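Undergrad: sequence plus predicted model, see below.
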Amino acid sequence: MITLEHICKIYKIGRERKVHALHDISETVHEGEFVAVVGPSGSGKSTFLAMAGLLERPTEGVVRFDGKDVTDLRDRERTRIRAERCGFIFQFPSLIPTLNALENVLLPKTVHRTYQNSDEKWGKEVLERVGLKDKLENLPYQLSGGEQRRVALARALINKPDVILADEPTGAVDAYNASVIISLFKEWNAQGKTVIMVTHDMKLADEAGRIIELADGRLKQDPE
Ligand SMILES: Nc1ncnc2c1ncn2[C@@H]1O[C@H](COP(=O)(O)OP(=O)(O)OP(=O)(O)O)[C@@H](O)[C@H]1O
Ligand SMILES: [Mg+2]
């Protein structure tokens, strides 16, 4: 479903400094796979996700989505693919402080002007699934950190995405809520959807069907 071919990503900092975040990464995530991306801090996990989710363009290499080269598509086309096909959970919850939980969940729909009446029902259903049925109208400051993460999770599912890209979705979440999040991913995956999850937690990574390991921006070969 998503293929990275010889991807390099260099971030420029000011005029002089460069950070080589990814070196010659070639990897395919197939439709219906649940993969975990692991590796030390700074190894390129978030950058990998940004490439796979068309959030950023590689410095070198090709990104394919459903077999189609999307590397040089216009921003508007890339945004459309993200809006229709992808659900993002960022490393930090990034809720809008002036919108309540349900409004935050519906935000991608309103922003991309694809809102339909049925979306509210689905949004409420997902919030209920993550245990926030009674907090639909809470503003983010009225939610705990773990609750905010679960709102971000519900928001990622609002467009019924074909692929979930989750960056440390269980960071700062207790064991019970981490298991709620993982079981939602598994359920989504069981319906044939693709899940790419970055995690530090090897126990959670073992729940995925496959592990992609990064070190210093390179793929580590599976020892098995
Ligand atoms: N926008 C950016 N501008 C400059 N450098 C960046 C940018 N994003 C990431 N980097 C650098 O690229 C490297 C890889 O970063 P990345 O965020 O992908 O790591 P990570 O594996 O997600 O780390 P963590 O586990 O701490 O989240 C790091 O050296 C980081 O400092
Ligand atoms: Mg990261």
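TA: Structure's in. What do you need? Ligands and ions are numbered 1, 2, ... in the order given.

Undergrad: center of this structure - which residue?
TA: The centroid of the chain falls nearest to residue 165 when counting by CA atoms, centre = their mean (2.1 Å).

Undergrad: against residue 206, how distant is it?
TA: If you measure residue 165 against residue 206 using CB to CB, to the nearest Å, the figure is 20 Å. Heads up, the C-betas are built off the backbone N, CA and C, glycines and all.

Undergrad: and for residue 36?
TA: Taking CB to CB, one finds residue 36 at 8 Å from residue 206.

Undergrad: let me know the average pLDDT across stretch 9-17.
TA: Mean pLDDT, computed over stretch 9-17, is 92.

Undergrad: can you list the residues that contact it?
TA: When contacts are defined by CB atoms under 8 Å, 6 or more residues apart in numbering, stretch 9-17 is touched by residues 18-22, 44, 47, 51, 56, 58-59, 217.

Undergrad: out of those residues, who's nearest residue 32?
TA: Of all these, residue 32 sits closest to residue 51, with 20.3 Å by CB to CB.

Undergrad: wait, residue 200 touches residue 38, no?
TA: Yes - using CB atoms under 8 Å, residue 200 is in contact with residue 38, at 7.2 Å.

Undergrad: who has more neighbours out of these two?
TA: residue 38 (22 against 14; other CB atoms under 10 Å).

Undergrad: pLDDT of the lengthiest helix in the chain, averaged?
TA: The longest helix of the chain (DSSP state H) is helix 175-190. Average pLDDT, helix 175-190: 90.

Undergrad: against which helices or strands is it packed?
TA: Under the contact criterion of 3 or more CB pairs under 8 Å, 6 or more residues apart in numbering; DSSP states H and E, helix 175-190 touches strand 34-38, helix 145-156, strand 163-167, strand 194-198.

Undergrad: residue 36 and residue 206: which has the busier surroundings?
TA: The residue with more neighbours, out of residue 36 and residue 206, is residue 36; 23 against 10, by other CB under 10 Å.

Undergrad: ok, now which ones touch the nearest residue to residue 152 once chain neighbours are set aside?
TA: Excluding the flanking residues, the one nearest residue 152 by CB to CB, 6 or more residues apart in numbering is residue 93, at 4.4 Å. Counting by CB under 8 Å, 6+ apart, residue 93 touches 140, 145, 148-149, 151-152.

Undergrad: just to revisit the earlier point, pipe the helices and strands packed on helix 175-190 into TSV and attach distance to residue 182 per row.
TA: Formatted as TSV, the helices and strands packed on helix 175-190 follow (distance: least, CB to CB, whole Å):
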stretch	distance to residue 182
strand 34-38	10
helix 145-156	11
strand 163-167	10
strand 194-198	9
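
Undergrad: relative to residue 84, which of these is closest?
TA: strand 163-167 (10.8 Å).

Undergrad: and that closest one, is it in reach of ligand 2?
TA: No - using CB under 5 Å from the ion, strand 163-167 never reaches ligand 2; the gap is at least 5.8 Å.

Undergrad: so which strand or helix has the residue of the chain found nearest ligand 2?
TA: Nearest residue of the chain to ligand 2 (CB to the ion) works out as residue 46 at 3.2 Å. Using DSSP states H and E, residue 46 falls within helix 45-52.

Undergrad: which stretches in this structure count as helices?
TA: Using DSSP H, helices in the chain cover 45-52, 75-85, 101-111, 117-129, 145-156, 175-190, 202-205.

Undergrad: what is the burial count for residue 68?
TA: 11.

Undergrad: same check on the one 10 residues further on?
TA: A count of nearby residues for residue 78, using other CB under 10 Å, gives 20.
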